[in-house]
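> build me a model:
(2 chains)
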Amino acid sequence: MTTLLEVRDLEAGYGPVKVLHGVSLDVNEGEVVAILGANGAGKSTLMGAIAGLVRPTGGTIRFRDDTISTLPTEQITRRGLTLVPEGRRIFAKLTVFENLKMGAYARRDRSAISSDLETMLDRFPVLSERRAQRAGTLSGGEQQQLAICRALMSQPTCILLDEPSLGLAPVMVDRVFELVRDLRERDGLTVILVEQSVSNALEVADRAYLVSSGRITSSGTSAEMVDAAQALEAAYLGGDVA
Amino acid sequence: MTAQLLIQQLFNALSIGSIYALLALGLAVVFSVLGLLNFAYGEIITATAYTMVLLVSLGVPLLAAAPVGVIAGILMSVFTEFVAFRPLRKAPAYAVVFSSFAVSLLVQSFIRNVVSPRPQGLVVPAWLDQVITVGGVRFPALSIVTIVIAVLSMLALTALLQKSRHGLAMRAAAEDFETTRLMGAKAGRLILLAFAVSGTLAGIAGVLWIAKIGSATPDMGFNPLLIAFVAVVLGGMGSLRGAVLGGFALAFVEVGLQVFLPRDFVPYVQAISLFVVIIVLYVRPQGFARRVEERVA
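Here you go, the predicted structure:
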């Protein structure tokens, strides 16, 4: 199995506040890897740093053997690694269809884009029905589907999902995880999944990393991580976070 | 007031409002993408005006000088982006206020010292000075041309924003710049495009402005900047539709005050109209634009 993404000793933060203190992880091609951790552990900062939204202050990130830690966000997306950010961040004032078109912004193959748009709308009837509506009028779950579809339009090889089930109704949570499974089975993508819904995440993931206070505290296959994850969930309930 | 006078004043307001709306749009385009005001915006009008004055004095016909003037406006806008904005991309907003203000002063003192501190007149061809009178209402050719050009410019901008790939990216960036970059849109190019569009709109407004006032002065950019700024605030910062509405609203207030105020107050029309704007904002601080819709959870 080949390593697609390699993170070494990554340090990053916001201004004087350091959030990540030397994070290392590997993601192989075709894997689904979960990043687990409490609120404020640094999961979103890690995703932001990989996607180029947060500039690393130390360490390296390599994607398909190229160093990407110094590249701007747009170049990272153009290389096939894309982030579906926390809170979905769909363009609320644009229509559903325009959101999908924005996803394909970096591509120049016009005819392939329009056939991909049709394929995407066939695959997600909810979005197809609302293609001319402003995206802000969609429900949370629909917005999450739109955000993932929009990311797919850039034809990534690796997709980062930051808290895709956050704030969704239980039915929608199931649908989103179904979609995550599909991303590997159907689209052949490598998936990195940040989740607070630990049991759901471990069900779809091959492996998982546990992040705590900006460091990786344990890692292993999903089966191996169940105990550590239960401890984490207990910590949530105890309210003792980060 | 007679119907004649009413139509006359409505037409005047419409013609002035067309220029104001263009001015406001140009300022709003950059603000919507970057979230920053360009305080060297008035110098786009100055660049356009002086270019036209120079060309016309060299014997170039006005219609040929106008597009060159617009190009000079675009170059001025792009120059500002490279000198005042790009080097300070990561600096706090107030730094860019100062740097764009510095560009404004730089251009003004350049003109004062290299060209002349005195007004430079523009000779307008006779056909533009004609007045068509219909039923006692005077329609100056320049006012008609102004309205037509402004409407065409706004239609062209709408087409750019609605139909083109780059227009889509600009609308996306106005909403969420970071996510637009996540889509693979190059930040630098998108901002450059915004400044170019801004320069085009201000350049067109500058052509109409200099044709109307007839002479160029080094500090002539201040009034257009003030008008654009007030219209943009009135319309709701960052909303393009609001900027157009704000421009027309400001023009209607100004013309209205000129008609209804006693003659002695007319020199204070601008001050009074700004006071009216303050009152409007007191009642509706977000401007005319509707609030951003709440996202449905």
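> buried residues, the longest helix along chain B. List them.
For chain B, the longest helix by residue count, based on DSSP state H, is helix B:3-34. Of the residues in helix B:3-34, B:8-9, B:11-34 count as buried by neighbour count, 16 or more other Cβ atoms under 10 Å in any protein chain shown. The way it works is simple: take the backbone N, C-alpha and C, and place the C-beta from them, glycine included.
> by contact count, what packs against the next helix or strand after it?
As assigned by DSSP states H and E, the chain's next helix or strand after helix B:3-34 is helix B:42-57. Other elements packing on helix B:42-57 under the criterion 3 or more Cβ pairs under 8 Å, 6 or more residues apart in numbering or on different chains; DSSP states H and E are helix B:62-80, helix B:93-110, strand B:120-121, helix B:187-213, strand B:215-216, helix B:222-235.
> the residue nearest to A:Ser212 when sequence neighbours are not counted - how many residues pack around it?
Nearest non-adjacent residue to A:Ser212, counting by Cβ to Cβ, 6 or more residues apart in numbering or on different chains: A:Ala41, 5.4 Å away. Using other Cβ atoms under 10 Å in any protein chain shown, A:Ala41 is surrounded by 24 other residues.
> could you look up the SS state of A:Ala41?
Following DSSP: H, G, I helix; E, B strand; the rest coil, A:Ala41 is assigned to coil.
> is it in contact with A:Val211, as I believe?
Yes - the pair A:Ala41 and A:Val211 qualifies as a contact (Cβ atoms under 8 Å) at a distance of 4.6 Å.
> now the residue of chain A most remote from its centre: how far from A:Val96?
Among residues of chain A, the one most distant from the C-alpha centroid is A:Ser111; the distance is 27.6 Å, by Cα atoms, centre = their mean. Going from A:Ser111 to A:Val96 by Cβ to Cβ, to the nearest Å gives 21 Å.
> got it, and B:Glu81?
For B:Glu81, the distance to A:Val96 - Cβ to Cβ - is 33 Å.
> more neighbours: those two, which one.
Ranked by neighbour count (other Cβ under 10 Å), B:Glu81 and A:Val96 place A:Val96 first, with 29 against 23.
> grab the nearest non-local neighbour of A:Val67.
Heads up, residue A:67 is Thr, not Val. Closest to A:Thr67 by Cβ to Cβ, 6+ apart is A:Thr60, at 5.8 Å.
> so what secondary structure elements neighbour the one helix or strand that neighbour maps to?
Assigned by DSSP H and E, A:Thr60 belongs to strand A:58-63. Applying 3+ Cβ pairs under 8 Å, 6+ apart, we find strand A:58-63 packed against strand A:3-14, strand A:17-28.
> would you agree B:Glu175 is in contact with A:Ile90?
No - B:Glu175 lies out of contact with A:Ile90 (Cβ under 8 Å); the separation is 9.3 Å.
> so between the two, which is more surrounded?
A:Ile90 (28 against 19).
> quick check: closest non-adjacent residue to the residue of chain B found nearest chain A.
Nearest to chain A, among the residues of chain B, is B:Gly184, at 2.8 Å (Cβ to the nearest Cβ). Leaving aside its sequence neighbours, B:Gly184 sits nearest to A:Ala106 (Cβ to Cβ, 6+ apart; 2.8 Å).
> got it, and A:Met225?
Nearest non-adjacent residue to A:Met225 (Cβ to Cβ, 6+ apart): A:Ala208, at 4.4 Å.
> now the one you found: how far from A:Thr217?
12 Å.
> on the three-state scheme, whatever residue of chain A ends up closest to chain B is what?
Nearest residue of chain A to chain B (Cβ to the nearest Cβ) works out as A:Ala106 at 2.8 Å. Three-state call for A:Ala106 (three-state DSSP): coil.
> just the pLDDT at it, thanks.
Note on A:Ala106: pLDDT of 92.
> likewise B:Thr2?
Looking at B:Thr2, the pLDDT reads 84.
> against B:Gly136, how distant is it?
For B:Thr2 relative to B:Gly136 (Cβ to Cβ), the value is 9 Å.
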